[in-house]
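> need the 3D shape of this:
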Amino acid sequence: MGNVTPLKLPETMPPEGTKTPSDALEAELRQIGKRGAVKYDQGELTIEHPTWMKSVGTDYVRLSEVIAEQLVILAASSQGKVDQSELTLLTEMVMGMAPKDHVEMMLATQMAAVHLMSMQMATRLRRETVIQKYDLYARQTNQLMRTFAAQAECLKRYRTGGKQVVKVKHVHVHEGAQAIVGNVTKGGGGE
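So this is what the prediction gives:
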């Protein structure tokens with residue numbers, strides 16, 4: 001076991017190297033779970049449809065495939081080579097936002113793309129020594145990060161229906177003062 005801290009007490013764990021019935025199931029879930037929902041290898045896109053579709057909030061197979069294809073394009077270098085770890089990062093970002101419908105799915109996909117581009121631009125900015133390019137990268141990084149913040153706010157408003165909830169946790173009523181408990185509405189002309 002080395003440096004790994006076991007999640008179960010040692011006496012309840014099977015001896016090392018012993019296969020348990022759940023090992024096969026756990027291996028299968030890891031293979032087709034969120035991490036493996038979208039894979040791209042040697043020009044072939046593999047999508048574990050039930051997991052991917054449920055995770056991105058759609059019942060439409062082709063729509064889920066198009067979104068996966070768009071993420072593959074984002075994960076490709078200028079030479080067309082797809083970085084599987086970058087693809088996994090993008091898919092996990094989208095899935096981590098747990099979109100509930102098509103609007104949320106598209107917004108989550110855009111947010112993942114903007115985040116990836118802002119980090120790439122920030123990396124270029126950090127390494128740049130030519131002042132003109134530095135200024136360009138700084139403006140682009142700033143614009144992308146502002147876009148991401150606006151998208152996050154948009155997703156929040158969409159999910160809450162635009163309603164703002166204010167919860168008052170502490171109310172102090174001092175001696176001689178009055179307090180009203182319940183719904184308070186503004187009334188008309190002094191009646």
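
> now do the strands in the protein.
38-41, 44-47 (DSSP state E).

> what residues are up against Met121?
By C-beta atoms under 8 Å, 6 or more residues apart in numbering, the contact list for Met121 reads 137, 140-141, 144. Glycine gets a C-beta too; all of them are placed from N, C-alpha and C.

> can you do 10 Å?
If a contact means C-beta atoms under 10 Å, 6 or more residues apart in numbering, then Met121 has 136-145 as its contacts.

> so what's it closest to, chain neighbours aside?
Leaving out its chain neighbours, the residue that sits closest to Met121 by C-beta to C-beta, 6 or more residues apart in numbering is Thr141, at 4.4 Å.

> list the contacts of the one you found.
117-126 are the contacts of Thr141 under C-beta under 10 Å, 6+ apart.

> measure it to Leu116 for me?
13 Å (C-beta to C-beta, to the nearest Å).

> tell me where the model's unsure across the chain.
1-36, 187-191 (pLDDT under 70).

> from the strands of the chain, which stretch is densest packed?
Most buried of these, by mean neighbour count (mean count of other C-beta atoms under 10 Å): strand 38-41, with a mean of 20.

> in this structure, which helix has the most residues?
Longest helix in the chain by number of residues (criterion: DSSP state H): helix 131-160.

> what about Gln70, neighbour count?
16 (other C-beta atoms under 10 Å).

> I'm done for today, thanks for sticking with me.
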